[in-house]
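Engineer: sequence and predicted structure are below.
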Amino acid sequence: MTETPRLLTPTAKLPPLDGQVILITGAASGLGRCVGAVLGEAGARVVLADLALPKAQSWTNELTERGIRAQALELDVGDARAVERAIALVQERFGRLDAAINSAAIDITAPISELDAVQWERIVRTNLNGPFLVSKYAAAAMVAAPLPEGGSTVRGHIVNICSTASKRAWPNAAAYHATKWGLLGLSHALHAELRPQRIKVSALLAGGMRTPFLLDRFPDIDREVLQDPMNVALAVRFVLTQPAETVIPELMVLPMRESSWP
């Protein structure tokens, strides 16, 4: 028997995230900053984790003034003990962890002949080790927690912010590409591994954005070929607000004039 599709009105809105506790790494600037605002406005309690605590606290204060429930948290995502403590702190303070957004990332633009081992390890530590550690401890917390009230069959959601750099490559970004390709692989592996435990895992591949990550390093870049990071943050919300029976393992969000993707 074929089920009749349910029609949605053109003005249908995404469901709210009321009551959910969501940890966002790299939340003091760039895309992470926008994700905090978008998810907070959707009703979530957002934990803004960043190595730069003063910036995270300043953004937290701004969001709080706008009526958003936000909490700043100092976090080095590459430090296993720090990540484990952070997840435990979130559970202790709020009693739950519904989602973790791995947005923290760095890059050093240099040819491999000039990229030293210390710089390589720093990029890998932040961009790949960090999401692994956050996912590891967040998933453990989600599995240990009872299922949410209201009949939901989902224990939690992990969203990994990847990039078009996880699908293609260009010069002078070997470490960045290696970590982003690795993160995409990690994300799909966790999707396969954690789905039976009722944890969703999604990789969001963002094209070029008007954020300090690009604008500060490439002052001559054409801003018109980049997209507003708020648009990508809205895509994160879209991924998080799918029905319990649906998961989006991978989603690419490009500006219309994306230069790194056909």
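Structural biologist: Sure thing, it's come through.
Engineer: CA only for contacts and neighbour counts going forward, please
Structural biologist: Will do.
Engineer: now residue 171: closest residue in space, sequence neighbours ignored.
Structural biologist: residue 111 (7.0 Å; CA to CA, 6 or more residues apart in numbering).
Engineer: against residue 249, how distant is the one you found?
Structural biologist: 32 Å (CA to CA, to the nearest Å).
Engineer: those two: which is more packed in?
Structural biologist: residue 249 (19 against 13; other CA atoms under 10 Å).
Engineer: wait, doesn't the more buried one sit right on residue 205?
Structural biologist: No - with contact defined as CA atoms under 8 Å, residue 249 does not reach residue 205; the gap is 10.7 Å.
Engineer: tell me where the stretch 151-262 of the chain has helices.
Structural biologist: 174-194, 212-215, 229-240 (DSSP state H, counting those that start in this stretch).
Engineer: run the chain-centre distance for the first one.
Structural biologist: It stands for helix 174-194. 13 Å (CA atoms, centre = their mean, to the nearest Å).
Engineer: now residue 153: how far from residue 193?
Structural biologist: 16 Å.
Engineer: got any ranges where the stretch 51-200 of the chain has weak pLDDT?
Structural biologist: 148-152 (pLDDT under 70).
Engineer: circling back to that earlier point, got CSV for the helices of the stretch 151-262 of the chain, with mean neighbour count and distance to residue 45 too?
Structural biologist: Output for these, formatted as CSV (neighbours: other CA atoms under 10 Å; distance: least, CA to CA, whole Å):
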stretch, mean neighbour count, distance to residue 45
helix 174-194, 20, 24
helix 212-215, 15, 25
helix 229-240, 20, 13
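Engineer: so which of the ones you listed comes closest to residue 67?
Structural biologist: Nearest to residue 67, of all the helices of the stretch 151-262 of the chain, is helix 229-240, at 18.5 Å by CA to CA.
Engineer: contacts for the helix or strand hosting residue 90?
Structural biologist: According to DSSP states H and E, residue 90 maps onto helix 80-94. Defining contact as CA atoms under 8 Å, 6 or more residues apart in numbering, one finds that helix 80-94 is touched by 21, 47, 73, 75-77, 96-97, 133-134, 137-138, 141.
Engineer: quick one: which two of the residues you listed are the most distant?
Structural biologist: Longest span within the contacts of helix 80-94, CA to CA: 76 and 96, 21.2 Å.
Engineer: give the contact list for the nearest residue in space to residue 35 that is not next to it in sequence.
Structural biologist: Sequence neighbours aside, residue 233 is the residue nearest to residue 35 in space, at 4.7 Å (criterion: CA to CA, 6+ apart). Residue 233 sits next to 31, 32, 34, 35, 38 when contact means CA under 8 Å, 6+ apart.
Engineer: just say helix, strand or coil for the last one.
Structural biologist: In this case it means residue 38. helix (DSSP: H, G, I helix; E, B strand; the rest coil).
Engineer: likewise for the second one?
Structural biologist: Assigned with three-state DSSP, residue 32 falls in the helix class.
Engineer: verify the stated contact: it with residue 38.
Structural biologist: No - Residue 32 is beyond contact range of residue 38, at 10.0 Å (criterion: CA under 8 Å).
Engineer: who has more neighbours, the two?
Structural biologist: Higher neighbour count among residue 32 and residue 38: residue 32, with 26 against 21, using other CA under 10 Å.
Engineer: would you mind measuring from that one to residue 20?
Structural biologist: 17 Å.
Engineer: ditto for residue 63
Structural biologist: 16 Å.
Engineer: ok, residue 71 touching residue 48?
Structural biologist: Yes - counting by CA under 8 Å, residue 71 touches residue 48, with 5.9 Å between them.
Engineer: which residues do those two both contact?
Structural biologist: What both residue 71 and residue 48 touch, as defined by CA under 8 Å, 6+ apart, is the set residue 60.
Engineer: between those two, who's got more neighbours?
Structural biologist: residue 48 (29 against 19).
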